[in-house]
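[1] Provided below are the primary sequence and the corresponding predicted coordinates.
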Amino acid sequence: MRRFSLIAVPYIWLLVLFLVPFVIVLKISLSDYAISIPPYIPQFDPDSGIGALLAKLDFENFVWLTEDDLYWKAYLSSLKIAVISTFLTLLVGYPMAYAMARAPQEWRASLMMLVILPFWTSFLIRVYAWMGILSKEGFLNQFLIWTGVISEPLTILNTNTAVYIGIVYTYLPFMILPIYAALERLDESLIEAAEDLGCSRLTAFWLVTIPLSKTGIIAGCFLVFIPVLGEFVIPSLLGGSDTLMIGKVLWEEFFSNQDWPVASAVAVVLLLLLIIPIVLFQRNQQKQEEAEQ
Amino acid sequence: MTIPEFEPWNDPEAKPLIQFQNVTKRFGDFTAIDDLTIGIYEKEFFALLGPSGCGKTTMMRMLAGFETPTEGAIFLAGQDMAPVPPNKRATNMMFQSYALFPHLSIWENIAFGLKREKMPKADIDDRVDEMLRLTRLEKFASRKPHQISGGQRQRVALARSLAKHPKLLLLDEPLGALDKKLRQETQFELMDIQEKTGTTFVIVTHDQEEAMTVASRVAVMDHGKIIQVATPDRIYETPNSVYVADFIGEVNIIDGTATPNGEDSYSVAWKDGQAPLNVKSPTSFSDGQSCHLAIRPEKVTINAEKPTGVDNAVEGKILDIAYLGNLSTYHVELPSGAVIKAQSANTRRISRRAFTWEDTVWLSWTATAGVLLAT
């Protein structure tokens, strides 16, 4: 009984904070738009009962998503931005994690602290700070002109480049920490054994270090990819009008268009899209645990 | 039939496979290896023995190429090894932790080094199968390292390091992780494999029994210096210093002063004020030189009555008995308070043991039983 109640806590948590809101969103996504408060006609009418609900049931909001190319373009563009920025984060994060894992023992805690330190300030403030750095009159342009690298200021803010910079910066710790955890456990003598058996430094890295940090790489990639796919703040603050991301579309449908049913449909589809990588991620974790046993 | 004696170190013509020449290795202020010169011959099973921190692992890592000497040079088959990186050396190492690649199967682990040589696929298959047979691992080829036992892992590590036909195999505490019974079996397996493959083995160990069992020669090290290099029996019977005598097995050390009383014969006055001891020693001592007599417990005979016609006899009281099953070690306290250990085989059942605590007994030994060592 006690064990049951212990397990029940997270399940109740999920039920209240995930499943119930999801059912509400799903319900709205199946209803029709109306100029009212809230701006939709409830699908379920207690008087006519469940039969009428099923008779009236249609997926017109979901059909709409396939008819207007804005939506699938936004999904594709989000996917592209998420894939590219995950890859960029990996590219920046792996060497950092590697250097941290190889640093002298007494340095590691401080280095770890430095990675986590940005979390101490508000995420929003940090993104605004990037606006100050990347804008036409920003620090980066001033610095580049001062050093004479460029004569005209570069347009970085409000482009996809700024979005990538923002995402890589924001999500870097999520990439570094799991890779660091995997690399720190790596036994130094495995690298020496590989060299002893005829590997150069580079092949030893490729044949031993990379495969043995694979689980960390996969975990880090998912931890970055999943939230970036639905990211809203960074593209809307740093991106331009041509930065198309589904999070932004969602926001506009909800607040600018006031079309809750379509917005809910967008959210439901996004969730379904996210479930695939999440399931893959779970499987990776499971495999890792099995391997460690 | 006579078995030709394998003693290249006594042959002035023989050229050592490995030559350490005045090698010094420092880590910052710490001197790990101190001006060390030694030769190791082909087909030898050479043991580096010493307490932890004596520099034996550093010596091995220099042979493998993971460390470079601060001063001096190491030659392998006449070639200076300093500029050769580990992956280009004809040496392979078996790591203390085994360092098996956890993401690869046993088969792939053994094939790892061969694949780096760009060996044809068929040859790799043959060689890996041969190594699996040699180490009796055929059944486990497709398993991962975490799916086999410690003893099997040890054999995989050995197979992997031998697969490339190294000129020299380095073994870093290879049996440290095994339990005693398995360790003893594996020691004989190691010797077998060494004989079959004819590879030169250098083993690092802190276990003197292990070194004595497997090695053709043992080097006893301390503080970055080799104190003595000799065959196991010579290390045991004729240690060249109190340190070696004390490090290898059990020993009684009696301090005294030597007075010559014949050819190679000395009378040793010891501080007990008892009759001086008669000792034969090939190394010469001057009159009144202080010395240490090192004598092994098993060379001390224990008797209830004063024995006659012996070179040395002392009386004492049994303080302690260590019962080891096959042997018993008696700690006998002399009137002066000094304790001498005597060991005898338990040829009779314990209930019929001749001596017990507090018994007064006589200890005796011959003049040649001990070794007289200078301070």
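    Cool, the structure landed.

[2] and residue A:99, what helix or strand is that in?
    With secondary structure defined by DSSP states H and E, residue A:99 is part of helix A:69-102.

[3] wait, does that helix contact chain B?
    No - remark: helix A:69-102 sits outside contact range of chain B, by Cβ under 8 Å from any Cβ of the partner chain, the gap being at least 15.7 Å. Placement of C-beta: from N, CA and C, glycine included.

[4] which residues does the helix or strand following that helix contact?
    Once the chain leaves helix A:69-102, the next helix or strand it forms, by DSSP H and E, is helix A:105-116. Helix A:105-116 is contacted by residues A:96, A:100, A:101, A:103, A:172, A:173, A:176, A:177, A:180, A:184 when judged by Cβ atoms under 8 Å, 6 or more residues apart in numbering or on different chains.

[5] do the same with stretch B:22-38
    So stretch B:22-38 is contacted by B:19-21, B:55, B:58-59, B:62, B:67, B:69-74, B:219, B:223-226, B:229 (Cβ under 8 Å, 6+ apart).

[6] and if we set it to 7 Å?
    Residues from elsewhere that reach stretch B:22-38 (Cβ atoms under 7 Å, 6 or more residues apart in numbering or on different chains): B:20-21, B:55, B:58-59, B:62, B:67, B:69-72, B:74, B:219, B:223-226, B:229.

[7] first-to-last residue distance for it?
    With Cα to Cα, to the nearest Å as the measure, stretch B:22-38 spans 9 Å from end to end.

[8] okay, now the unreliable bits of the stretch 151-293 of chain A?
    Residue ranges of the stretch 151-293 of chain A with pLDDT under 70: A:291-293.

[9] now the helices for it?
    Remark: helices assigned in the stretch 151-293 of chain A by DSSP state H, counting those that start in this stretch are A:160-185, A:188-196, A:201-204, A:210-212, A:214-229, A:233-238, A:246-251, A:260-292.

[10] tell me which of those sits nearest to residue B:135.
    Taking Cβ to Cβ, helix A:188-196 is the member of the helices of the stretch 151-293 of chain A nearest to residue B:135, at 16.9 Å.

[11] pull the contacting residues for residue B:60.
    B:48, B:170, B:172, B:202, B:204.

[12] how about CSV for the helices of the stretch 151-293 of chain A, with mean neighbour count and distance to residue B:276 added?
    As requested, the helices of the stretch 151-293 of chain A are exported to CSV (neighbours: other Cβ atoms under 10 Å in any protein chain shown; distance: least, Cβ to Cβ, whole Å):
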stretch, mean neighbour count, distance to residue B:276
helix A:160-185, 21, 64
helix A:188-196, 21, 55
helix A:201-204, 14, 65
helix A:210-212, 15, 67
helix A:214-229, 21, 73
helix A:233-238, 21, 93
helix A:246-251, 22, 98
helix A:260-292, 16, 67
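
[13] closest to chain B out of the ones you listed?
    helix A:188-196 (3.8 Å; Cβ to the nearest Cβ).

[14] what about the closest one and chain B, any contact?
    Yes - contact of helix A:188-196 with chain B (Cβ under 7 Å from any Cβ of the partner chain) involves A:189, A:190, A:192, A:193, A:195, A:196.

[15] okay, which residue is most central for the chain?
    Looking at chain A here, since you left the chain open. The C-alpha lying nearest the average C-alpha coordinate of chain A belongs to residue A:227 (Cα atoms, centre = their mean; 2.0 Å).

[16] let me rephrase: I mean chain B.
    Of all residues in chain B, the one closest to the mean position by Cα atoms, centre = their mean is residue B:211, 3.0 Å from it.

[17] touching, it and residue B:219? I think so.
    No - if you go by Cβ atoms under 7 Å, residue B:211 and residue B:219 don't touch, sitting 9.0 Å apart.

[18] overlap in contacts of the two?
    When contacts are counted by Cβ under 7 Å, 6+ apart, the set common to residue B:211 and residue B:219 consists of B:47, B:49.

[19] ranges for the helices of chain B?
    Ranges of helices within chain B are B:56-64, B:106-116, B:121-134, B:150-162, B:180-197, B:208-214, B:232-237, B:242-247, based on DSSP state H.

[20] need the residues that contact stretch A:169-179.
    Residues outside stretch A:169-179 that contact it (Cβ under 7 Å, 6+ apart): A:89-90, A:92-94, A:96-97, A:115-116, A:123, A:130, A:213, A:216-217, A:219-220, A:223-224, A:228, A:234.

[21] any idea of the pLDDT on residue A:53?
    Looking at residue A:53, its pLDDT is 68.

[22] one more: residue B:189?
    As predicted, residue B:189 sits at a pLDDT of 87.

[23] repeat that for the one 4 residues further on.
    The predicted local distance difference test score for residue B:193 is 88.

[24] can you count the residues close to the closest residue to it other than its chain neighbours?
    In space, and not counting its chain neighbours, residue B:193 is closest to residue B:134: 6.4 Å by Cβ to Cβ, 6 or more residues apart in numbering or on different chains. A count of nearby residues for residue B:134, using other Cβ atoms under 10 Å in any protein chain shown, gives 18.

[25] any idea how far chain A is from residue B:134?
    17 Å (Cβ to the nearest Cβ, to the nearest Å).

[26] residues of chain A that sit close to chain B?
    A:187, A:189-190, A:192-193, A:195-200, A:208, A:211-212.

[27] got JSON lines for these, with distance to residue A:252 too?
    Output for the residues of chain A next to chain B, formatted as JSON lines (distance: Cβ to Cβ, whole Å):
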{"residue": "A:187", "distance to residue A:252": "52"}
{"residue": "A:189", "distance to residue A:252": "56"}
{"residue": "A:190", "distance to residue A:252": "52"}
{"residue": "A:192", "distance to residue A:252": "57"}
{"residue": "A:193", "distance to residue A:252": "56"}
{"residue": "A:195", "distance to residue A:252": "56"}
{"residue": "A:196", "distance to residue A:252": "60"}
{"residue": "A:197", "distance to residue A:252": "58"}
{"residue": "A:198", "distance to residue A:252": "59"}
{"residue": "A:199", "distance to residue A:252": "54"}
{"residue": "A:200", "distance to residue A:252": "53"}
{"residue": "A:208", "distance to residue A:252": "49"}
{"residue": "A:211", "distance to residue A:252": "44"}
{"residue": "A:212", "distance to residue A:252": "45"}
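
[28] list the buried ones in stretch B:13-22?
    Neighbour counts over stretch B:13-22 (16 or more other Cβ atoms under 10 Å in any protein chain shown) mark B:16, B:17, B:18, B:19, B:20, B:21 as buried.

[29] just name the closest of these to residue B:179, please.
    residue B:18 (32.0 Å).

[30] what sits closest to that closest one if chain neighbours are left out?
    Per Cβ to Cβ, 6+ apart, closest to residue B:18 is residue B:40, 4.2 Å.

[31] same check, this time on residue B:371
    residue B:294 (4.9 Å).

[32] same thing with residue B:187?
    In space, residue B:187 is closest to residue B:213, 4.8 Å off (Cβ to Cβ, 6+ apart).

[33] now swap in residue B:333 and tell me
    Counting by Cβ to Cβ, 6+ apart, the residue nearest residue B:333 is residue B:319, at 4.4 Å.

[34] only the buried subset of the contacts of stretch B:22-38, as a ChimeraX command please.
    This is how ChimeraX selects the buried members of those, with burial counted by 16+ other Cβ under 10 Å:
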select /B:20,21,55,58,59,62,67,69,72,74,219,224,226,229
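
[35] now do the same for residue 107: its pLDDT.
    Because you didn't say which chain, this covers chain A. 94.

[36] could you do chain B instead?
    96.

[37] what is the burial count for it?
    Neighbours of residue B:107 under the rule other Cβ under 10 Å: 20.

[38] for it, give me its contacts.
    Applying Cβ under 7 Å, 6+ apart, we find residue B:107 in contact with B:128, B:141, B:142.

[39] residue B:85 versus the last one, what's the distance?
    Between residue B:142 and residue B:85 the computed distance is 32 Å (Cβ to Cβ, to the nearest Å).
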